[in-house]
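1. A predicted structure for the sequence below; I have some questions about it.
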Amino acid sequence: MTPLPFFGYLWILKRECFHKPSHRGLMSSSYLPVLILFGVSIVNAVGMLVAAHVLNPRRPTEQKDMPYESGMIPLGDTRARFSVKFYMVAISFIIFDLEAIFLIPWAVEMRYLGWEGFIAVSIFTAILVIGLVYEWRKGGLDWDE
Amino acid sequence: MTLDFVSRADFIWALLPEIVLSCWAMAILLVGVWEKERPGLPPRNLRLLAWLSVAGLAATAGVNGWLYGVSGTDASGMIALDSFRLFANWIFLLGAALTILVSLPYIAKQRLQAGEFYTLVLLATVGMMVMAGTRNLILLFLAIETMTISAYVLTAYHRADRRSAEAGLKYFILGAFSSAFLLYGIALTWGATGSVNLAEIAQTIEAGAGFTGLLMAGMALLGVGFAFKVGAVPFHMWAPDAYEGAPSPSTAFMAAAVKAASFAALLRVFLEAFPGLYEAWYPVMWWLAALTMLVANLIALSQSSVKRMLAYSSVAHGGYLLVGVTAANEFATASVLFYLLVYTIMTIGAFGIVMIVSGHGEERLQVDDYAGFGWQQPVLGVLLTIFLLALAGFPGTAGFMAKIFLLQGAVESQLWTLAILLALTTVVSYYYYLRVAWYMWMRSADAGEPAIPVVAPGIVRFTLIGSAAVMIYLGVLPGAVLEGAISAAEHFGVVAGEAFMGLAR
């Protein structure tokens, strides 16, 4: 429960206050506010958890120990089995989602990137099209099988 | 032809082998999927796919040969245009081609999905080629992932087989773990030197700039990552399980080509980026080499499964190769390259026959199953004996010459203890290799046991005979290939070990 980072923060604070500022590495004084924020938030979070743990009165009942005290009673295991089709859809979604992530920045800067960017994006899309053709031939897009 | 990398086309020329092979792999994926699957039967175009893949590898090899005539003006660019890369490419291409040729009946027998299998082998090869050819740590990481992700899938390729799935999962978890080490090492090295380019890192270290503690941590993490990838002993736990559970063609490919690629990248990173820190990494490599040779050979002695024995033998060979890395002079690097080439051929050869013997569901893997095999199938028996003798390093085979060169490299750097350990563990390894040969020729199968059904088409026999012939040829006349390796290893040395160079030539 010891907030170890807090001591690190104190040490940096001490060094920043009592030593000559050093600009040798990444640890320059411009990071000090971030570290203060970091330290304060850790102390705050840990402190609240510890206080709640120490101070609260605890009277457990069977009702209170249920996963959803005021909701539905759980029906079964959460490890239900899904059809593999859902995973196929999910994987395809990720691929084409990522395609969009790459294509939109290119589209925004299309005129600046010129033909070189166009060729690069075409190669990228062509590879994805090959993947799509593969999925289609393999039956990954057929829902009823 | 000289490339100055001013025009964009120069990058395409410099990367032509990789580009050709990746396009070919995608084409094979499409050809493979065009044929409708027939459940329970091997694909109708299996042979076409295999030959197309081999043709792609041959085309890439042609381009690779053409690159010998191309030089680059930029000696510290992202893509290396040196003969180290080109020599390593020969090893990977040869490993992939041999795997594909040798595994033809296995793929048909086990009804594996051929198109995807060949595509994955080719894509893994692309990753290996980039690994050996890049001077950029980020690109190196991408290449390693390209290779290992394909290798994970190849390990778990036998979906219906529990052993294969288990091996794939183990390999995946430990492989991802080691990739994380590697990436953290790259990040810290970048933090310490401000560059991910190997040449620039070396310059920073030489100039004495950079943060020493951070750099040491980065180098240590890179070392751990690579030790995982090459299967050096404290980090070898994944190797026997993954090699044993994987389908035999995948095992052959992983034990040979994947290991060769990891060693090529290890040599490039440690000899190009960290030559100035040789004092720091040499003891670590020393211990890795010593432990790997000792432990792997001792465990291999007690194996009753031939496949698992070959898995431990692969780890042990990693130990021999680490002696060459520890020696870190130009001749030692050349000997590592020579050893990798020889090792690739003999490992895939041995696994090729294990594939033939193992049967429909890989049920005949024990040493006992080989009893009397030599007399039942004299040709295959002789071939397996040659491969085993080569793996053991018997005089007259390429394995012997390769070990001699490694020893010579170690002696040049005055690594007496490691050299003695290498020789002693080699003698120990004779026992477990020759035990298989002994079972083949000196024991007869049990009376009620039916003969091992052998499915070995002409092309497989031809490939195996060719490999065995190369093993004997290189055991007698290693000169030409060694010269190639020596010219590839130029500038890949920290220790100036010129004293014995006269003897080598």
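-> Nice, thanks for sending it over.

2. Would you list the phi and psi of residue A:58?
-> Torsion angles at residue A:58 (phi, psi; degrees, to the nearest 10) stand at phi -120, psi 110.

3. do the same with residue B:395
-> Note on residue B:395: backbone dihedrals following degrees, to the nearest 10 are phi -60, psi 140.

4. For chain B, what lies in contact range of chain A?
-> With CB under 8 Å from any CB of the partner chain as the criterion, chain B meets chain A at residues B:8, B:26, B:29-30, B:33-34, B:191, B:211. (Each C-beta comes from the backbone N, C-alpha and C, glycine too.)

5. Type out the PyMOL command that picks the buried ones from the residues you listed.
-> Written as a PyMOL command, the selection of buried residues from the residues of chain B next to chain A, which uses 16 or more other CB atoms under 10 Å in any protein chain shown, is:
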select buried, chain B and resi 26+29+33+191+211
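
6. Now render the residues of chain B next to chain A as a markdown table, adding pLDDT.
-> Below are those laid out as a markdown table (pLDDT from 0 to 100):
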| residue | pLDDT |
| --- | --- |
| B:8 | 79 |
| B:26 | 94 |
| B:29 | 93 |
| B:30 | 92 |
| B:33 | 88 |
| B:34 | 85 |
| B:191 | 90 |
| B:211 | 73 |
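
7. JSON lines for the residues of chain B next to chain A, including distance to residue B:264 and secondary structure?
-> As requested, the residues of chain B next to chain A are arranged in JSON lines below (distance: CB to CB, whole Å; DSSP: H, G, I helix; E, B strand; the rest coil):
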{"residue": "B:8", "distance to residue B:264": "27", "secondary structure": "coil"}
{"residue": "B:26", "distance to residue B:264": "25", "secondary structure": "helix"}
{"residue": "B:29", "distance to residue B:264": "26", "secondary structure": "helix"}
{"residue": "B:30", "distance to residue B:264": "30", "secondary structure": "helix"}
{"residue": "B:33", "distance to residue B:264": "32", "secondary structure": "helix"}
{"residue": "B:34", "distance to residue B:264": "35", "secondary structure": "helix"}
{"residue": "B:191", "distance to residue B:264": "26", "secondary structure": "helix"}
{"residue": "B:211", "distance to residue B:264": "29", "secondary structure": "coil"}
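
8. now for the residues of chain B next to chain A, which pair is the farthest apart?
-> In terms of CB to CB, the residues of chain B next to chain A reach their longest pairwise distance at B:34 and B:211, which sit 55.3 Å apart.

9. care to break chain A down by domain?
-> Structural domains annotated on chain A: A:1-75, A:84-138, as defined by automatic domain parsing.

10. Quick check: which of those is buried the most?
-> Among those, ranked by average contacts under mean count of other CB atoms under 10 Å in any protein chain shown, first place goes to domain A:84-138 (a mean of 12).

11. Let's see the distance spanning that one from one end to the other.
-> Between the opening and closing residues of domain A:84-138 we find a distance of 14 Å, counting by CA to CA, to the nearest Å.

12. so what does the top helix by length along chain A touch, helix or strand wise?
-> Ranked by residue count, the top helix of chain A under DSSP state H comes out as helix A:110-138. If you count contacts as 3 or more CB pairs under 8 Å, 6 or more residues apart in numbering or on different chains; DSSP states H and E, helix A:110-138 packs onto helix A:84-108, helix B:16-34.

13. Need the CA coordinates for stretch B:18-32. PDB is fine.
-> What follows is stretch B:18-32, C-alpha atoms only, in PDB (Å, rounded to 0.1, in the frame of the first residue of the first chain):
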ATOM      1  CA  GLU B  18      11.900  -9.300 -50.900                       C
ATOM      2  CA  ILE B  19       9.400  -7.600 -53.300                       C
ATOM      3  CA  VAL B  20       9.400 -10.500 -55.800                       C
ATOM      4  CA  LEU B  21       8.900 -13.000 -53.000                       C
ATOM      5  CA  SER B  22       6.100 -11.200 -51.300                       C
ATOM      6  CA  CYS B  23       4.200 -10.700 -54.600                       C
ATOM      7  CA  TRP B  24       4.700 -14.300 -55.400                       C
ATOM      8  CA  ALA B  25       3.400 -15.400 -51.900                       C
ATOM      9  CA  MET B  26       0.200 -13.400 -52.500                       C
ATOM     10  CA  ALA B  27      -0.200 -14.900 -55.900                       C
ATOM     11  CA  ILE B  28       0.100 -18.400 -54.400                       C
ATOM     12  CA  LEU B  29      -2.500 -17.500 -51.800                       C
ATOM     13  CA  LEU B  30      -4.900 -16.700 -54.500                       C
ATOM     14  CA  VAL B  31      -4.100 -19.800 -56.600                       C
ATOM     15  CA  GLY B  32      -4.500 -21.900 -53.600                       C
END
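
14. Pull the contacting residues for residue B:326.
-> Counting by CB atoms under 8 Å, 6 or more residues apart in numbering or on different chains, residue B:326 touches B:282, B:285-286, B:289, B:410, B:413, B:415, B:418.
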